[in-house]
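below are the sequence and a predicted model; questions follow.
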Amino acid sequence: MTTLPMTVTTLCYLEQNDNYLMMHRVKKKQDMNQDKWIGVGGHAEDYESPEDCLLREVQEETGLTLTDYRFRGIVTFAMKNAETQYMCLYTATGWTGRMKEDCPEGNLEWVRKDQIHTLDLWEGDKVFFRLLTDEVPFFSLKLYYESDELKECVLNGKNLDWKAFLNI
């Protein structure tokens with residue numbers, strides 16, 4: 001059995017007036033998230049805790065310093081022949097500073113929560129948005145992809161029929 005490396009990442013959705021701050025990934029070349037809408041965050045650096053990574057990435061990408069945030073769940077991204085990623089998912093309702101006008105990763109935009117489903121999202125992201133909307137207190141979600149297609153979804157150790165869960 002081949003052991004592939006694992007990476008820790010963070011992703012945060014800032015919440016304000018029934019909106020989430022979203023990033024449209026259109027600026028980086030060879031971006032696995034090209035043209036997708038995601039939150040802000042990134043890869044943990046050596047010796048960083050998930051919270052260190054969260055605070056640094058949000059500040060780098062938005063110019064904002066988080067003052068109130070909540071750890072919502074852990075999302076395991078498993079992809080055939082690729083590195084497994086453990087993503088620590090957060091939401092935030094408090095921050096200081098001024099939003100950057102230009103982010104090198106993509107375009108930042110406030111999007112109404114009830115309009116998120118109309119964006120070009122990863123299928124698995126739709127699952128954790130539903131968990132956030134349902135105010136699930138904390139969850140472990142495993143998403144297995146082959147290429148760009150979601151093949152398996154496991155919520156808290158149990159297989160989840162994600163299409164039925166999302167009513168698609």
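It's in. Numbers count the residues shown, from 1 in each chain.

can you measure across stretch 116-136, start residue to end residue?
One end of stretch 116-136 to the other measures 18 Å (C-alpha to C-alpha, to the nearest Å).

tell me the mean pLDDT over it?
Mean per-residue pLDDT for stretch 116-136: 94.

cool, and stretch 77-95?
Averaging pLDDT along stretch 77-95 gives 91.

output that stretch as CSV, nothing but the C-alphas.
The C-alpha trace of stretch 77-95 is given here as CSV (Å, rounded to 0.1, in the frame of the first residue of the first chain):
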residue,chain,number,x,y,z
PHE,A,77,-11.0,15.5,0.8
ALA,A,78,-10.0,12.1,-0.7
MET,A,79,-9.1,12.0,-4.3
LYS,A,80,-7.9,9.0,-6.3
ASN,A,81,-4.0,9.2,-6.7
ALA,A,82,-3.9,12.5,-4.9
GLU,A,83,-2.9,13.9,-1.5
THR,A,84,-5.6,13.7,1.2
GLN,A,85,-6.6,17.0,2.6
TYR,A,86,-8.1,17.7,6.0
MET,A,87,-9.9,21.0,5.8
CYS,A,88,-10.9,22.7,9.0
LEU,A,89,-14.2,24.6,8.2
TYR,A,90,-15.0,27.8,10.0
THR,A,91,-17.6,30.6,9.9
ALA,A,92,-16.9,34.0,11.3
THR,A,93,-19.1,36.9,12.4
GLY,A,94,-16.6,39.4,13.7
TRP,A,95,-13.6,41.1,12.3
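
which residues touch Cys12?
Contacts for Cys12 were tallied using C-beta atoms under 8 Å, 6 or more residues apart in numbering; they are 39-41, 54, 57-58, 66, 69, 89-92. C-beta coordinates here come from the backbone N, C-alpha and C atoms, glycine included.

bridge partners for it, pull those for me.
Per DSSP bridges, the residues bridged to Cys12 are Val40, Tyr90.

how near is it to Tyr86?
Per C-beta to C-beta, to the nearest Å, Cys12 is found 15 Å from Tyr86.

number of residues surrounding Cys88?
21 (other C-beta atoms under 10 Å).

over to the one 5 residues further on?
Look at Thr93: counted by other C-beta under 10 Å, it has 12 neighbours.

next one: Thr91
Thr91: 17 surrounding residues under other C-beta under 10 Å.

test my guess that it contacts Thr133.
No - using C-beta atoms under 8 Å as the test, Thr91 is too far from Thr133 to be in contact (11.0 Å).

residue contacts, Met90?
Not Met; residue 90 is Tyr. The contact partners of Tyr90, by C-beta under 8 Å, 6+ apart, come to 10-13, 41, 54, 69-72.
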